[in-house]
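Peer 1: Whatever this is, show me its structure:
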Amino acid sequence: MRLMRLLASTAALFVITGSNARADVDVLVTYLRQQVKQPPVLSNLDPIPENLGPAGAEVGLKDNQTTGQFLGHNYSMELQDVPIGGDLLGAAQEALNLSPFIVLDAPAADILRVADLPEAEGALIFNVAAPDVELRNDACRANLLHSIPSDVMRSDALIQFLGRKKWSDLALVSGTHESDIRFSDALKYSAWKFGLTIQDEKTWVFDADMRRNAAQEVPLFTQDFKDHDVLLVADEIGDFGRYIAYNTWLPRPIAGSEGMVPQAWSHVVEQWGAAQLQSRFHDHTGRDMRSKDYAAWAALRTIGEAVTRTGSNQIEDLRSFILSDAFELGGFKGRPMNYRDWNGQLRQPIPIVTDRALVAQAPIDGYLHQMTELDTLGLDRPESKCTAFKE
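Peer 2: Here you go, the predicted structure:
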């Protein structure tokens with residue numbers, strides 16, 4: 001019986017690729033990571049794994065190799081780490097001289113610098129780290145695809161859920177870090193788009209030790225908020241949000257960067273075969289998969305799926321296929337995922353989670369779209385100012 005299943009699987013792969021079966025194809029991917037200085041936070045309870053991102057790419061590489069061994073497709077990956085203040089562009093040029101496939105783990109400004117290199121023209125670069133909406137808008141690049149969701153995709157997911165619950169009156173507390181401000185702006189945009197109201201907002205500027213003072217300071221900080229249904233928290237660096245929960249003047253749900261959190265991936269996602277991916281990742285790393293890991297895994301699997309379906313490692317063939325209606329990526333989130341042909345963003349459901357459970361998964365029922373409900377998350381075609389993909 002096991003032999004019959006193996007033969008059936010091999011036959012299925014032959015049908016998928018037709019005459020391309022056993023065609024020798026070599027694919028080298030460079031995972032290029034710019035190390036960045038992490039901002040100080042009040043608590044050190046959530047250390048950042050050293051292999052955050054590359055670990056997901058390694059699992060994706062293994063998946064590609066499993067399929068590739070039947071087809072003569074050979075996948076390999078090199079990790080290039082650029083230290084803080086190091087020569088990212090030089091490392092990128094070196095990588096592009098070896099292969100046009102780059103998985104790029106860097107801040108938005110550095111991503112654009114790499115994408116604009118002469119050597120990067122015609123390359124296929126996957127952004128797995130920067131959620132900045134500008135990269136999907138007027139700062140988009142034709143050689144740049146995004147497997148990490150944008151800030152607005154996450155905020156749209158959360159606001160859809162709140163709207164479905166009819167929790168329409170909101171308050172907002174935001175930190176001062178650049179990523180906090182971006183997510184705060186995204187939450188305000190999503191609230192406006194879906195007809196919810198942010199009645200009050202404040203900026204968190206405390207420099208006291210909230211581990212000792214939260215029970216005294218947070219009630220006073222939130223006391224003058226108008227009555228609201230949910231308190232939104234924009235604390236993307238994980239600094240203060242944990243101390244706001246259960247200490248507010250009014251007993252209200254917390255959502256955003258704390259409480260109910262919209263994420264690309266979480267260890268609590270178990271449906272749709274996700275438990276199998278979670279198990280494989282844990283076996284490989286000894287830890288849970290995080291959002292950047294998932295984005296890196298999706299980038300490698302995008303390359304692998306495109307090579308499998310086309311039997312080619314040529315960039316133009318792969319890019320055309322990836323941006324076509326024929327491309328589908330099984331992402332263990334209940335729906336086939338594909339890329340928006342107007343800005344290169346990977347369409348994907350967004351889980352809304354707590355530390356211990358999946359609360360909901362967006363798009364939320366009732367939010368309709370003429371093409372696909374996944375396009376209710378993030379910049380839809382009429383919203384995006386990206387023109388690079390039209391050229």
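Peer 1: domains of this structure?
Peer 2: Under automatic domain parsing, the residue ranges defining each domain of the chain are 2-149+266-348, 152-262.
Peer 1: where in the stretch 101-250 of the chain is pLDDT low?
Peer 2: Along the stretch 101-250 of the chain, segments meeting pLDDT under 70 span 207-212.
Peer 1: Grab the most central residue of this protein for me.
Peer 2: In the chain, the centroid-proximal residue (CA atoms, centre = their mean) is residue 148; its distance is 2.3 Å.
Peer 1: contacting residues around that residue?
Peer 2: Contact partners of residue 148, counting by CB atoms under 8 Å, 6 or more residues apart in numbering, are 127-131, 264, 291-292, 295. Heads up, the C-betas are built off the backbone N, CA and C, glycines and all.
Peer 1: got the domains of the chain as CSV, with distance to residue 371 columns?
Peer 2: Compiled in CSV, the domains of the chain are given as follows (distance: least, CB to CB, whole Å):
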stretch, distance to residue 371
domain 2-149+266-348, 10
domain 152-262, 16
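Peer 1: closest to residue 364 out of these?
Peer 2: Each of the domains of the chain has some distance to residue 364 by CB to CB; the shortest is domain 152-262, at 4.2 Å.
Peer 1: what about that closest one, how long is it end to end?
Peer 2: 11 Å (CA to CA, to the nearest Å).
Peer 1: and if you look at stretch 72-91?
Peer 2: Taking CA to CA as the measure, stretch 72-91 stretches 30 Å from start to finish.
Peer 1: Stretch 263-281 now?
Peer 2: For stretch 263-281, the separation between the terminal residues is 18 Å (CA to CA).
Peer 1: Ok, stretch 84-92 next?
Peer 2: 15 Å.
Peer 1: Need the residues that contact that stretch.
Peer 2: For stretch 84-92, contacts defined as CB under 8 Å, 6+ apart pick out 32, 34-37, 80, 82, 102, 106, 110, 113-114, 117, 119-120.
Peer 1: Separate out the buried members of those.
Peer 2: Neighbour counting by 16 or more other CB atoms under 10 Å classes 32, 34, 82, 102, 106, 110, 113-114, 120 among these as buried.
Peer 1: What about these, which are in strands?
Peer 2: 32, 34, 82, 102 (DSSP state E).
Peer 1: can you redo those residues as TSV with distance to residue 55?
Peer 2: As requested, these are exported to TSV (distance: CB to CB, whole Å):
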residue	distance to residue 55
32	16
34	17
82	18
102	18
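Peer 1: Out of these, which comes closest to residue 253?
Peer 2: Set against residue 253, the nearest of those by CB to CB is residue 34 (36.3 Å).
Peer 1: what sits against the nearest residue to residue 39 once chain neighbours are set aside?
Peer 2: Excluding its sequence neighbours, the residue lying closest to residue 39 (CB to CB, 6 or more residues apart in numbering) is residue 237, at 5.3 Å. Listed by CB under 8 Å, 6+ apart, the contact partners of residue 237 are 38-39, 41, 175, 177, 179-180.
Peer 1: Just the buried subset of those, written out for PyMOL, thanks.
Peer 2: Paste this into PyMOL to select the buried members of the contacts of residue 237, with burial taken from 16+ other CB under 10 Å:
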select buried, resi 41+175+177+179+180
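Peer 1: for the contacts of residue 237, which one is nearest residue 164?
Peer 2: Looking across those and measuring by CB to CB, the closest to residue 164 is residue 180, at 25.7 Å.
Peer 1: Assign that closest one to helix, strand or coil.
Peer 2: helix (DSSP: H, G, I helix; E, B strand; the rest coil).
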